[in-house]
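# Here's a sequence, model it:
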Amino acid sequence: MDDSSADYINFVIKQELVIMKKLIAIISEHEDENILNQEINEYLIYVDDLSYKIRLIDL
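Presented below is the predicted three-dimensional model:
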């Protein structure tokens with residue numbers, strides 16, 4: 001994978017995070033704050049894991 005591919009993947013992940021934050025903001029109006037924080041943490045773990053796997057592919 002070249003740098004442009006990695007840059008594109010990072011761009012897509014960042015866009016997905018923006019969308020997720022917007023959805024969480026909508027959901028948070030109806031949910032407990034602890035549940036919301038848990039969802040954010042789970043999503044960030046998912047993004048970190050995905051980023052790690054992408055770096056492994058590049059090797």
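# Who are the packing partners of the helix or strand I40 falls within?
Here I40, judged by DSSP states H and E, is contained in helix 33-58. With contacts defined as 3 or more C-beta pairs under 8 Å, 6 or more residues apart in numbering; DSSP states H and E, the secondary structure elements packing on helix 33-58 are helix 3-28. For glycine as for every other residue, the C-beta is placed from the backbone atoms N, C-alpha and C.
# same for the helix it packs on, what does it pack against?
Helix 3-28 makes packing contacts with helix 33-58 when contacts are defined by 3+ C-beta pairs under 8 Å, 6+ apart.
# what inclination does the helix it packs on have with respect to helix 3-28?
Orientation note: helix 33-58 sits at an angle of 170 degrees relative to helix 3-28 (axes from the mean of the first three to the mean of the last three C-alpha atoms, to 10 degrees).
# in helix 33-58, what's buried?
Residues of helix 33-58 classed as buried: L36, E39, Y43 (neighbour count, 16 or more other C-beta atoms under 10 Å).
# ok so, going back, quick check: mean pLDDT of the helix holding I40?
Taken as a whole, helix 33-58 carries a mean pLDDT of 81.
# Mind putting the buried residues of helix 33-58 into a markdown table with distance to I57?
Putting these into a markdown table (distance: C-beta to C-beta, whole Å) gives the following:
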| residue | distance to I57 |
| --- | --- |
| L36 | 32 |
| E39 | 27 |
| Y43 | 21 |
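# Identify, from these, the entry nearest to N10.
Checking the buried residues of helix 33-58 against N10 by C-beta to C-beta gives Y43 as the nearest, at 15.9 Å.
# Hmm, that closest one is touching M20, no?
Yes: under the criterion of C-beta atoms under 8 Å, Y43 makes contact with M20 at 5.6 Å.
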